[in-house]
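A.B. asks: build the 3D model from these lines:
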Amino acid sequence: MNNSRERIIERIRAGLRTTRPFLETESARTPHTPPPFVHPVTHDDLVQQFAAELTKLQAYPHVCADDEAALEVIGDVLQQHQTQEVITWDFERINLPGLAELLRQRGVTRLDGRIAGVPEQRAALLQAHERAPVCIAAVDAAIAESATLVIHSGAGRPRMASLLAPVFIAVVRREQFVRGLGEAIERIKQTYGDVFADASALTLITGPSRTADIELTLTLGVHGPREVHTIIIESPATRSFHHSGAEDAESD
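C.D. replies: Here you go, the predicted model:
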């Protein structure tokens, strides 16, 4: 068995030795800067384009004039799913004044999405978080041409707050919209520098989780949220959280 394995590996190595010069030459000729966008403009307004694309993905855009309207929509979603527990980013990272009070008024317990410790502790924390039907987070950018949410994980911004619960609520400000992936990546670099210096994940979410089997039967929600609500706030944030790379270490 080991001899067979070694023969296979050696063939792979030989193939790489043969093709490496060609691959290195082609790599050097290829531009590595992503284009700012790919598709032609379909709407004059990026929010409208994002909302139209998100609707095609069987997700829900909610355009809100201000923070108060956004809180009302979030409250409706929580009520619809009879939410008693919710996983969220730290409130200061979501930057939606009144969210903590909304959860308190509705008797909703907040879980912080942090899973750390010895394996037994991690297993217990994960089981506790699995009960939550809803998770709430903000985003770093929203790509209009594909209705994609871009989320950089870190301290107070756990991945679990956008991936674990069946229902995901994303809070997005108008100024966070970009046209294409290239623009989104540039914005992330400008904010964080080395994207993965202090965090292990950059998550791109395009609608609900989709999984298809060999017979092409499509199922929502197998590997992530089956229901995605994007709360689009037209007014700018009252304040912005100052990023500090030193404290932005991944915690989940």
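
A.B. asks: for the stretch 1-150 of the chain, which residues score under the pLDDT cut-off?
C.D. replies: The model of the stretch 1-150 of the chain has pLDDT under 70 over residues 1-2, 32, 34, 117-118.

A.B. asks: excluding sequence neighbours, find me the nearest residue to Glu145.
C.D. replies: Using Cβ to Cβ, 6 or more residues apart in numbering and skipping the chain neighbours, the partner closest in space to Glu145 is His39 (4.6 Å). (Each C-beta comes from the backbone N, C-alpha and C, glycine too.)

A.B. asks: and for that neighbour, the neighbour number?
C.D. replies: Neighbour count of His39, defined by other Cβ atoms under 10 Å: 12.

A.B. asks: residue contacts, it?
C.D. replies: Contact analysis of His39 by Cβ atoms under 8 Å, 6 or more residues apart in numbering lists 145-146, 180.

A.B. asks: so Ala137 makes contact with Trp89?
C.D. replies: Yes: proximity of Ala137 to Trp89 meets the contact threshold set by Cβ atoms under 8 Å, at 4.8 Å.

A.B. asks: which residues are common contacts for those two?
C.D. replies: Taking Cβ under 8 Å, 6+ apart as the contact rule, the neighbours common to Ala137 and Trp89 are 157, 161.

A.B. asks: correct me, but Ala184 touches Ala144?
C.D. replies: No: with contact defined as Cβ under 8 Å, Ala184 does not reach Ala144; the gap is 9.9 Å.

A.B. asks: touching both of the two, which residues are there?
C.D. replies: Contact with both Ala184 and Ala144 is made by residues Val178, according to Cβ under 8 Å, 6+ apart.

A.B. asks: quick check: Arg5 is in a helix.
C.D. replies: Yes: Arg5 forms part of a helix when assessed by DSSP: H, G, I helix; E, B strand; the rest coil.

A.B. asks: would you mind measuring from it to Leu16?
C.D. replies: 17 Å (Cβ to Cβ, to the nearest Å).

A.B. asks: now swap in Val77 and tell me
C.D. replies: To Leu16, Val77 is 51 Å away according to Cβ to Cβ.

A.B. asks: which of these two has more residues huddled nearby?
C.D. replies: Each of Val77 and Leu16 has its neighbours counted (other Cβ under 10 Å); Val77 has more, 18 against 10.
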